[in-house]
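In: Next come a sequence and a model predicted from it.
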Amino acid sequence: MPVIGICSGKGGVGKTTVAANVSVALSDFGSVVVVDGDVALPNLHTIFGLEPTLTLVDVLGGKAGVREAVYRMRTGDYSVDVLPSSQAHDEVGKLEKFPEILKELEEDYDFVIVDVAAGLSSYALIPMMGCEELYLVVNPEETSIMDAWRVKKVIDRLPARFEGVILNRYRGEKWAVAAVERKLGRIVGIIRESKSVRKGWEEGYVVTAVKPEAKVSEEFYNLARRIAGESIHPKPYGRLKYLLRL
Ligand SMILES: Nc1ncnc2c1ncn2[C@@H]1O[C@H](COP(=O)(O)OP(=O)(O)OP(=O)(O)O)[C@@H](O)[C@H]1O
Ligand SMILES: [Mg+2]
């Protein structure tokens, strides 16, 4: 499978949440490694409750081999490999090796998922250039959709394929579905606003692994099935269905 990047315009929309949960769900389809591609503000390790010693930054700096910085996370029936990052204090130039590292991982895993930094700085663009397929995460908010549109313009000029939009923190805002489809293109996943996701961040667990029966986990599963190649089309629901968890 190609290397898959999870991107966004605005920060804080849920890239890391999506990358972690989708990786857990994808582990039903094959071996998975999820990479913290955000060396500016890394936090993928937090959602996995991991305190890494060696990280991607050591690999980029030539201080460790890529396999030494990969951690196997097992929760319940799931097993996902995580390549965490830590903050790179020096030049962004170190990132040049990032696409090479991704190529190396691609040989070992069925799925390589990259949690990319927000926006269009080099911290985001260099990892994006190492990916073959890119997804954009947005929230049902005008500013998030507008910023994603700016990133989409850049993606259209990269060799990577744009695979679609993930609408996260959805609470039945059908207007946002229409706005995303008009401005950005097809929606491949709709993920609801969920207390369990917030709690998972506080306590260091991935909700799809710990509560696979939750509605939000089902939505992450559907997205993973779509990424794995199944023909799944998310159905937008209204406010009432959101509240009643139907
Ligand atoms: N589906 C959701 N339901 C509820 N809360 C969510 C959901 N997705 C994300 N969040 C909340 O939003 C916060 C930010 O999410 P996350 O860190 O995944 O965003 P990000 O896009 O990776 O941010 P950054 O741009 O800083 O890397 C999380 O701490 C979590 O509390
Ligand atoms: Mg993040």
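Out: Received, thanks. Ligands and ions are numbered 1, 2, ... in the order given.

In: before we move on, which element is the closest residue to Leu44 other than its chain neighbours in?
Out: Spatial nearest neighbour of Leu44, excluding adjacent residues (C-beta to C-beta, 6 or more residues apart in numbering): Asp36 at 3.7 Å. (C-beta placed from N, C-alpha, C; glycine too.) Here Asp36 sits within strand 32-37, counting by DSSP states H and E.

In: Okay, now the sheet partners of that strand, with direction.
Out: strand 78-83 (parallel), strand 111-116 (parallel) (DSSP bridges).

In: now that strand: mean pLDDT?
Out: Averaging pLDDT along strand 32-37 yields 97.

In: could I get that strand in PDB with only the CA atoms?
Out: Provided in PDB are the C-alpha atoms of strand 32-37 (Å, rounded to 0.1, in the frame of the first residue of the first chain):
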ATOM      1  CA  VAL A  32       0.500  -1.000  10.400                       C
ATOM      2  CA  VAL A  33       3.000   1.600  11.400                       C
ATOM      3  CA  VAL A  34       1.900   5.100  12.400                       C
ATOM      4  CA  VAL A  35       4.500   7.800  12.200                       C
ATOM      5  CA  ASP A  36       4.500  11.100  14.000                       C
ATOM      6  CA  GLY A  37       5.500  13.400  11.100                       C
END
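
In: how about the helices in this protein?
Out: 15-26, 44-47, 56-60, 98-108, 122-129, 142-155, 174-183, 195-203, 207-210, 215-227, 239-244 (DSSP state H).

In: who touches the fifth one?
Out: Okay, so that is helix 122-129. Contacts to helix 122-129, defined as C-beta atoms under 8 Å, 6 or more residues apart in numbering, come from residues 5, 7, 37-40, 92, 95-96, 98-99, 114, 116-118, 134, 154-155, 158-160.

In: try 6 Å this time
Out: 5, 37, 40, 92, 95, 98, 114, 116-117 (C-beta atoms under 6 Å, 6 or more residues apart in numbering).

In: Closest one to ligand 2 out of those residues, please.
Out: Ala117 (7.5 Å; C-beta to the ion).

In: what pairs with Met73 across the strands?
Out: With DSSP bridges as the rule, Met73 is bridged to Val80.

In: what sits against it?
Out: Contacts of Met73 (C-beta under 6 Å, 6+ apart): 48, 80, 82.

In: And for the first one, the neighbour number?
Out: Right, Phe48. 25 (other C-beta atoms under 10 Å).

In: what's the nearest residue to the residue sitting furthest away from the middle of the chain if we skip its chain neighbours?
Out: Ranked by distance from the centre of the chain (C-alpha atoms, centre = their mean), the top residue is Leu240, with 27.9 Å. Spatial nearest neighbour of Leu240, chain neighbours left out: Gly172 (7.1 Å); criterion: C-beta to C-beta, 6+ apart.

In: Now that neighbour: phi and psi?
Out: phi 90, psi 20 (degrees, to the nearest 10).

In: List the residues that contact it.
Out: By C-beta under 6 Å, 6+ apart, the contact set of Gly172 is 238-239, 242.

In: And for Thr55?
Out: Neighbouring residues of Thr55 by C-beta under 6 Å, 6+ apart: 69, 84-86.
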